[in-house]
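Asker: Kindly generate the corresponding structure for this input.
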Amino acid sequence: MHRRLRVGSRPRAYTDGVTTRRARIMSTTTRGELAASLAALRRSLDLPAAYPSAALAEAERAADTVPTDPTAAVLADLRSIPFLTIDPEGSTDLDQALHLERTASGGILHYAIADVPAFVTPGGALDVETRRRGQTIYAPDGRIPLHPEVISEHAASLLPGVDRRAYVWRFVLDDGARPVETTLTRAVVRSVRQWSYVEAQAAIDDATAPESLRSLVWFGSERAARERERGGASLNIPEARIVVDGDGYRLELEAEVPLEDANAQVSLLTGMAAADIMLRGRIGILRTMPPAAPDDIARFRAQTVALGLPWRTDVPYGEYLQSLDRSPAARAVREYAGGLFRGAGYASFDGEPPAQTDQAAIAAPYAHTTAPLRRLVDRWSLVVCEALANDREVPEWARASLAELPALMARSSAVTSRWDAGALDRVEAAVLSGREGEVFEGVVLAVRGDGIRVQLLSPPVEAKVPGITAAPGDSVRLRLVAASIGDGTLRFAAA
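Answerer: Below is the predicted model of the structure:
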């Protein structure tokens, strides 16, 4: 299971019963060594630096000239809908805004997605550079954006109080939050407020939230139930998060606020709707994942028994995962569950759909379509779906380039995964630098080869420790032998 790098400017206050553990990099020497190590990692992966001048000039022209007046641009005027955004604290590249209202029979969801295609000329310098980048890379020492900031954080971002172009999905929902009618319209919208997850959760908890946030609680609960019914599964594993703190960094381990799961269900529903439109239209690109092999499922089931949290044969997989608590044994079960989610990729088609259409973890066909500011493939999904939903021909540039996307995204994802793992390793080493000889408490997450993988309780560092025999869920005491910031390696021994 790959560890993901999360980078933010501020810590979150809401921990949902999970203690937030922090460790700050204090030494000036350590900070300098970490900066050099991260720079070397960037060079080794050949990560993009500044935007090429031609692409940047094209982005600046687009930001100045792309119209947002509904009449001039022949767009629907949806500025009367009080959209809002919900993102991590400090976010400025806002892809999505939503409005959700309850009705007597269910609800109506409007979901606005940033109109990035309006700002990128097919075949132009900006298009070429975004295809090279593939996705935004988040880094402790500064993110590497898919699009120049003039677009991603300004002209196309769904910031509050300004008119913005968007692809607006409208879902009429029944009382189980199932879509009974779906439309997709290119429009001008205006967000009334930017919420952080912490602010939004607090407003829900103290009953001061607007209707959209209150309704989102209902929506999330119902969509989670639909997920269980179709056999889908969500893994909510607390992740290490790197927080910029003045001229240094902090490392935290925290759980998501409950609202994040509900908000994720909005994106999930939209991705499933996009996949359905493309499959019926016989053209598009899906995010796919094969089902777990029977032998892998059997091994996972046996492991749950060994950990004292048996997965009964009469309980669906997703329902079992949602029933887990936050104990060390449950964390180990989730880590093992992550091993069943392998082989994700993209499948484009123009005519006959691919043999594998489902995303196994979601248990349905699915497409990436809600993050075009940060992910290349979503631009194509939006353009294709909007054309199909309104009975128009798919633009030739999108049709002609669909087949290139799986390889572009695979290459970008591979580089991003290597960056995430390498950067997090280096920050963890920096956090522990100077503490050689100290003893740390930890929980065994998994057995790997001739050793174990351990989550330290504080600071929230993961480590592979060879030569130790222990079972997942066991508590262990480890002595730090060495911490190398240069290559991000840690060496521990049994204490």
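
Asker: can we go C-alpha only for contacts and neighbour counts from here?
Answerer: Fine.

Asker: Low-confidence regions, the stretch 351-495 of the chain specifically.
Answerer: Judged against pLDDT under 70, the stretch 351-495 of the chain has no low-scoring part.

Asker: what ranges do the strands span in it?
Answerer: Listed in chain order, the strands of the stretch 351-495 of the chain (DSSP state E, counting those that start in this stretch) span residues 358-359, 364-365, 439-448, 451-456, 462-466, 475-484, 489-494.

Asker: Could you point out which of those sits nearest Arg287?
Answerer: With respect to Arg287, and counting by C-alpha to C-alpha, the nearest of these is strand 358-359 at 6.4 Å.

Asker: Residues touching that closest one, excluding its own?
Answerer: Outside of strand 358-359, the residues within contact range by C-alpha atoms under 8 Å, 6 or more residues apart in numbering are Arg287, Thr288, Met289, Pro290, Pro291, Ala344, Ala364, Pro365, Tyr366.

Asker: out of these, which are buried?
Answerer: By neighbour count, with 16 or more other C-alpha atoms under 10 Å, the contacts of strand 358-359 hold Arg287, Thr288, Met289, Pro290, Pro291, Ala364, Pro365, Tyr366 as buried.

Asker: ok, back up a step: now render the contacts of strand 358-359 as TSV, adding distance to Leu159.
Answerer: Formatted as TSV, the entries for those read as follows, by distance: C-alpha to C-alpha, whole Å:
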residue	distance to Leu159
Arg287	28
Thr288	32
Met289	34
Pro290	37
Pro291	39
Ala344	32
Ala364	32
Pro365	31
Tyr366	27
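
Asker: Check which helices and strands the longest strand anywhere in the chain is in contact with.
Answerer: With DSSP state E setting the assignment, residue counts place strand 179-196 as the longest strand in the chain. Using 3 or more C-alpha pairs under 8 Å, 6 or more residues apart in numbering; DSSP states H and E as the contact criterion, the neighbours of strand 179-196 among helices and strands are strand 76-77, strand 83-87, strand 163-173, helix 377-389.

Asker: would you list the ones you listed in CSV and tack on distance to Arg301?
Answerer: Converted to CSV, the helices and strands packed on strand 179-196 look like this (distance: least, C-alpha to C-alpha, whole Å):
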stretch, distance to Arg301
strand 76-77, 51
strand 83-87, 36
strand 163-173, 36
helix 377-389, 35
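
Asker: for the closest residue to Asp69 other than its chain neighbours, what are its contacts?
Answerer: With sequence-adjacent residues excluded and distances taken as C-alpha to C-alpha, 6 or more residues apart in numbering, Asp69 is closest to Val188, at 7.4 Å. With C-alpha under 8 Å, 6+ apart as the criterion, the residues that contact Val188 are Thr68, Asp69, Pro70, Leu75, Ala76, Asp77, Leu78, Arg79, Asp163, Arg164, Arg165, Ala166.

Asker: and if you look at Val476?
Answerer: Glu441, Gly442, Val443, Val444, Ala494.

Asker: closest one to Leu321 among the helices and strands packed on strand 179-196?
Answerer: Relative to Leu321, the nearest member of those by C-alpha to C-alpha is strand 83-87, separated by 25.2 Å.

Asker: Check what contacts that closest one and list those residues.
Answerer: So strand 83-87 is contacted by 94, 96-99, 158, 160, 189-197, 200, 263 (C-alpha under 8 Å, 6+ apart).

Asker: Find the helix or strand that Ala112 is a member of.
Answerer: Ala112 belongs to strand 106-114 when assigned by DSSP states H and E.

Asker: got the angle between that strand and strand 179-196?
Answerer: Strand 106-114 and strand 179-196 meet at an angle of 60 degrees, taking axes from the mean of the first three to the mean of the last three C-alpha atoms, to 10 degrees as the criterion.

Asker: Okay, domains of the chain per the record?
Answerer: Taking automatic domain parsing as the criterion, the chain consists of the domains 6-290+343-429, 294-338, 434-494.

Asker: Compare the mean pLDDT across those domains and name the weakest.
Answerer: Sorting the domains of the chain by mean pLDDT places domain 294-338 lowest, at a mean of 86.

Asker: Now the terminal residues of it, how far apart.
Answerer: Taking C-alpha to C-alpha, to the nearest Å as the measure, domain 294-338 stretches 15 Å from start to finish.

Asker: So for the longest helix anywhere in the chain, what gets flagged as buried?
Answerer: Ranked by number of residues, the top helix in the chain under DSSP state H is helix 405-432. Judged by neighbour count using 16+ other C-alpha under 10 Å, the buried positions of helix 405-432 are 405-406, 408-409, 412-413, 415-417, 419-420, 422-432.

Asker: Run the angle between it and strand 475-484 for me.
Answerer: Interaxial angle of helix 405-432 relative to strand 475-484 (the same axes, to 10 degrees): 100 degrees.

Asker: so which of the strands of the stretch 351-495 of the chain is the most packed in?
Answerer: When you average the neighbours per residue for each of the strands of the stretch 351-495 of the chain (mean count of other C-alpha atoms under 10 Å), strand 358-359 leads with a mean of 22.

Asker: Quick one: distance of that strand to the chain centre.
Answerer: The gap between where strand 358-359 is centred and where its chain is centred comes out at 17 Å by C-alpha atoms, centre = their mean, to the nearest Å.

Asker: a strand runs through Ser215, doesn't it?
Answerer: No - secondary structure of Ser215, determined by DSSP: H, G, I helix; E, B strand; the rest coil: helix, with no strand assignment.

Asker: right, and it touches Arg102 too?
Answerer: Yes - using C-alpha atoms under 8 Å, Ser215 is in contact with Arg102, at 6.5 Å.

Asker: Report the contact partners of the residue lying closest to Ile283 once chain neighbours are set aside.
Answerer: In space, and not counting its chain neighbours, Ile283 is closest to Asp350: 4.3 Å by C-alpha to C-alpha, 6+ apart. If you count contacts by C-alpha under 8 Å, 6+ apart, Asp350 has them with Arg282, Ile283, Gly284, Arg399.

Asker: what do you get if the cut-off is 7 Å, keeping everything else the same?
Answerer: With contacts defined as C-alpha atoms under 7 Å, 6 or more residues apart in numbering, Asp350 is in contact with Arg282, Ile283, Gly284.
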